[in-house]
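Asker: Return atomic coordinates for the entry below.
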Amino acid sequence: MIGNGSSATIRVGIVGSGVRADRIAPLYRNLPGAQLVALCTEDAAADGVSSEIKVFSDLAEMLEKAGLDALEIHSGSKRRREAVEHAAARGMPVGIHTPLAASLEETDAVVSAVRKAGVKVLLMDPLLFHPFISKAKKLLEDGQVGEIQMVRIKSQAGGAGGSGSLLDPKQMLDPDFNLLLTPPFDKIMLAERLVGPIAQVYAYKGSAARMVSYKFEAPGRYGVHEAVYSPDLYVHGDGPPVDDSIEITGTDGILWLRNLSAVMVEAPKLMLKRKNTVTVWDDRVECGYDRVWAAVRGHFLDCVRGKATPCVDVEAGRRAAAVNLAAQISIDESRPVRVADVLS
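Answerer: Down below sits the predicted model:
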């Protein structure tokens with residue numbers, strides 16, 4: 001691990017399948033004192049990987065031979081526990097792309113390994129580090145909408161558009177597919193980051209839509225997350241064709257966040273109506289895909305250097321897994337479920 005004040009270059013490795021190393025490497029290269037040097041991939045080939053990045057097929061071998069200071073985990077959830085445990089055993093800081101794990105049991109195993117080793121772990125997700133999410137959080141903390149009453153989050157997936165992989169229609173239209181896990185796992189953390197801990201959920205499922213209602217621990221504070229798939233809808237964006245939007249209503253005003261991960265319609269990214277005044281923020285450059293991901297990795301590097309504490313850690317991931325499990329129980333048993341009962 002790189003110690004405090006060290007000027008040495010931080011050598012980062014990545015484990016995962018379908019990883020765009022060609023897109024990630026320049027982000028590290030443009031950050032002072034960092035370099036992406038190794039990739040462990042489950043793919044048959046690693047096309048487009050530059051010669052500066054050594055490719056491995058075995059995780060243990062990469063950790064043994066690549067001389068890494070930090071590890072990013074992109075793998076499917078089945079390999080997350082293995083990767084975290086290997087890295088933690090070496091005292092290596094880890095950045096995990098959400099979700100933290102596929103189940104609460106796996107999440108607890110990951111948290112246990114991290115606590116035992118005392119290593120830093122950052123949950124990496126562009127929404128949680130989006131500059132307008134940070135701006136919205138500050139506005140809420142400053143009381144710009146008054147006392148928060150309701151949050152509405154909508155994840156709208158389309159069948160076309162975006163530059164990432166298209167969603168599988170069969171999977172998305174399967175009522176038993178847990179759309180509340182991925183990508184909405186991060187929306188649970190987002191809801192708690194913006195408006196506080198969730199105390200109880202009630203969830204529903206359909207052939208192309210899911211909905212979970214939240215009752216927060218704060219009195220009189222509620223929320224809803226809608227996840228909808230429209231196979232004939234075009235959603236433009238730099239990643240998968242999924243747009244996220246948020247509306248937060250308080251006693252004095254309303255806060256809107258739109259086009260956070262794609263562009264559903266041309267509209268300001270952040271807008272606040274307070275009493276009778278409307279304020280708009282819409283910096284498209286600051287919120288570009290690469291700029292946001294560079295900010296995520298910049299924070300990760302600060303954590304590796306000991307200059308920062310992960311702002312989204314495994315404890316937040318464990319709570320999100322518990323809320324997600326509560327939502328699944330609610331779907332299966334058609335009843336409200338308390339998050340504390342799941343965590344106990």
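
Asker: Can you pull up the most central residue in the protein?
Answerer: The residue lying closest to the centre of the chain (C-alpha atoms, centre = their mean) is residue 125, at 3.1 Å.

Asker: any idea how far residue 329 is from that one?
Answerer: 24 Å (C-beta to C-beta, to the nearest Å). To be clear about C-beta, it is placed using only N, CA and C from the backbone, and glycine gets the same treatment.

Asker: One more: residue 309?
Answerer: 32 Å.

Asker: Among these two, which residue is more densely surrounded?
Answerer: Taking other C-beta atoms under 10 Å, residue 309 and residue 329 do not tie; residue 329 has more neighbours (16 against 11).

Asker: confidence score at residue 191?
Answerer: pLDDT, residue 191: 93.

Asker: ok, it - contacts?
Answerer: 151, 153, 198, 214, 223, 225 (C-beta atoms under 8 Å, 6 or more residues apart in numbering).

Asker: Go ahead and confirm the residue nearest to the centre of the chain touches residue 100.
Answerer: No. Using C-beta atoms under 8 Å, residue 125 is not in contact with residue 100, being 10.4 Å away.

Asker: Confirm for me that residue 88 is in contact with residue 81.
Answerer: No. Applying C-beta under 8 Å, one finds residue 88 not in contact with residue 81, separated by 10.4 Å.

Asker: Can you name the residues in contact with stretch 257-271?
Answerer: Contacts for stretch 257-271 (C-beta under 8 Å, 6+ apart): 126-127, 130, 132-133, 135-136, 156, 161-162, 235-239, 241-247, 255-256, 278-284, 287.

Asker: which of those residues count as buried?
Answerer: 126-127, 130, 132-133, 135-136, 156, 161-162, 235, 237-238, 241-247, 255-256, 281, 287 (16 or more other C-beta atoms under 10 Å).

Asker: Phi and psi next, for the closest residue in space to residue 190 that isn't next to it in sequence.
Answerer: Closest residue to residue 190 apart from its sequence neighbours, by C-beta to C-beta, 6 or more residues apart in numbering: residue 127 at 5.8 Å. The phi/psi pair for residue 127 (degrees, to the nearest 10) reads phi -60, psi -40.

Asker: wait, isn't residue 127 in contact with residue 133?
Answerer: Yes. Using C-beta under 8 Å, residue 127 makes contact with residue 133 at a distance of 6.5 Å.

Asker: which residues touch the residue in the chain sticking out farthest from the centre?
Answerer: In the chain, the greatest distance from the average C-alpha position (C-alpha atoms, centre = their mean) is reached by residue 276, at 34.2 Å. Under the criterion of C-beta under 8 Å, 6+ apart, residue 276 has no neighbours.

Asker: Likewise for residue 298?
Answerer: Per C-beta under 8 Å, 6+ apart, neighbours of residue 298: residue 31.

Asker: helix, strand or coil for it?
Answerer: helix (DSSP: H, G, I helix; E, B strand; the rest coil).

Asker: Next one, pLDDT for it please.
Answerer: pLDDT at residue 298 comes out at 93.

Asker: What of residue 45?
Answerer: pLDDT, residue 45: 52.

Asker: distance of residue 322 from residue 118?
Answerer: With distances taken as C-beta to C-beta, residue 322 is found 23 Å from residue 118.
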